[in-house]
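how would this look folded up:
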Amino acid sequence: MSATGSADVPAELVAVLLPPLEPPPTFDADTLQTWFASLDPVRRAVRAPATWRAYAVDLAHFGQWCAVEERQPLPAEPQTVAEYLRAHVESLSIATLQRRLAAIAVAHALIGVPSPTDGEHVGLVWRGLRRVHAPERPRRRVDALETRGLADLVAPLVDSAMDHRDRALLVLGFAGALRRSELSALDVGDVVDETERLLVTIRAAGSRDERVVELPWGHRAQTCPVRSWRTWVRVARLTDGPAFLRMTKGGKSLRLERLGDRGVAEVVKRRALDAGLDPSLFSGHSLRAGFVTSATRAGVPGVSIARQTGHRSAAALAACVREDRPFPGNPAAHVGL
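Next comes the predicted model:
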């Protein structure tokens, strides 16, 4: 594994499968953007457009430092990369440096030479810097929005386009146990409106995996998936394209652009704040965790919950459950203690 720990396509595999490129003539961000944009479709498809843009900025920074230090950026020596890391570990975050290493590795793969990030020298330096500057911390778990919390979030929503969009997004995200990427990737054509239910085809952005879930008619109008979806479709006059659209600044009108996954998280946080909750405790995952926790409390079998959520293991499903208060039916209460 490279010093970046990246799950990207290995540099040596790219070099073997596709002919190498000429290095970029200069290392300013605009030239690097053009260099990446000129890649053939196979290479471009390996990563998202936003990733290529970020890599251009990362390589430009590395190239500028190399110019000042009179070093060659591409191909670069392992010592050059190691010294670049040491020079910037105090001013840049470990996450940013990790992306810089990934960008350097990808650039070397594109020109068909081994990446200095794969060597033991850079690996040792990188592990040492991470140990000192980014000791492992417990992963923060966001709070779950259980059924009552969901009702609190949608209660203040009235009749604006943004209100109807946010209600549909929150309710469908909860009832379908959707990840924020799945909510963002949802298209109008993925939602089949039947008489008493919605049948929703769910897929993550950039993934071929999909599942179909049923969202039934709810007992309460405010948290009913069917009514929330129908109202949003009518108000937004949706016929095709993205299921959830962005809004103009101030939320006065719709933009014909897909709401991104970060936008989904922002909706959850904003509506949590409006409901008097601490927005830092919630994220897009709060809807999914809230569904799993609520269903578990209601005694729904794990296999049925997993069918809705798409979890493939009991351990992954259990990780979504928030046990901040006792669960009814705890097995320890039924063994004669």
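
Test my guess that Ala265 contacts Leu183.
No. Ala265 is not in contact with Leu183 according to CB atoms under 8 Å; the separation is 9.8 Å. Bear in mind the C-beta positions are built from the backbone N, C-alpha and C, glycine included.

list residues touching both of these two?
Taking CB atoms under 8 Å, 6 or more residues apart in numbering as the contact criterion, the common neighbours of Ala265 and Leu183 are Gly284.

In terms of neighbours, single out the busier of the two.
Shown here are Ala265 and Leu183; by other CB atoms under 10 Å, Leu183 has more neighbours (26 against 20).

Report pLDDT for the more buried one.
Per-residue confidence (pLDDT) for Leu183: 92.

Next, count neighbours for Gly218.
For Gly218, the tally of surrounding residues (other CB under 10 Å) stands at 15.

An error on my part: the question was meant for Ala275.
Counted with other CB under 10 Å, the neighbours of Ala275 add up to 18.

Pop out the phi and psi values for the residue nearest to it when sequence neighbours are not counted.
Distances taken as CB to CB, 6 or more residues apart in numbering place Asp152 nearest to Ala275, at 4.7 Å, with adjacent residues excluded. Listed backbone geometry of Asp152 is phi -60, psi -40, with angles given as degrees, to the nearest 10.

Wait, Asp152 touches Asp274, no?
No. Because the distance of 9.6 Å does not satisfy CB under 8 Å, Asp152 is recorded as not touching Asp274.

Mind listing the shared neighbours of these two?
Shared contacts of Asp152 and Asp274 (CB under 8 Å, 6+ apart): none.

Tell me which stretches of the stretch 201-337 of the chain form strands.
Applying DSSP state E, counting those that start in this stretch to the stretch 201-337 of the chain gives strands spanning 210-216, 245-247, 254-258.

any low-confidence regions in the stretch 51-200 of the chain?
Per-residue confidence of the stretch 51-200 of the chain (counting by pLDDT under 70) places the weak regions at 134-140.

For it, just list every one of the strands.
Under the criterion DSSP E, counting those that start in this stretch, the stretch 51-200 of the chain carries strands at the ranges 191-193, 197-203.

care to break the chain down by domain?
The chain is divided into the following domains under automatic domain parsing: 11-133, 147-318.

Quick one, which of those domains gets closest to Arg141.
Set against Arg141 and scored by CB to CB, the domains of the chain come closest in domain 147-318, at 8.1 Å.

Can you get me the start-to-end distance on the closest one?
Length of domain 147-318, first residue to last, CA to CA, to the nearest Å: 18 Å.

how about Arg271, what does it touch?
Listed by CB under 8 Å, 6+ apart, the contact set of Arg271 reads 153-154, 156-157, 166, 170.

Buried ones only from those, please, as a ChimeraX command.
Written as a ChimeraX command, the selection of buried residues from the contacts of Arg271, which uses 16 or more other CB atoms under 10 Å, is:
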select :153,154,157,166,170
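
could I get the contacts of Arg271 as TSV with distance to His133?
Converted to TSV, the contacts of Arg271 look like this (distance: CB to CB, whole Å):
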residue	distance to His133
Leu153	38
Val154	42
Pro156	43
Leu157	44
Asp166	39
Leu170	38
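
where exactly do the helices run in the stretch 1-150 of the chain?
When secondary structure is read from DSSP state H, counting those that start in this stretch, the stretch 1-150 of the chain shows helices at 11-17, 29-37, 41-45, 49-69, 78-88, 94-110, 120-133, 147-154.

What is the third one packed up against?
Other elements packing on helix 41-45 under the criterion 3 or more CB pairs under 8 Å, 6 or more residues apart in numbering; DSSP states H and E are absent; no helix or strand qualifies.
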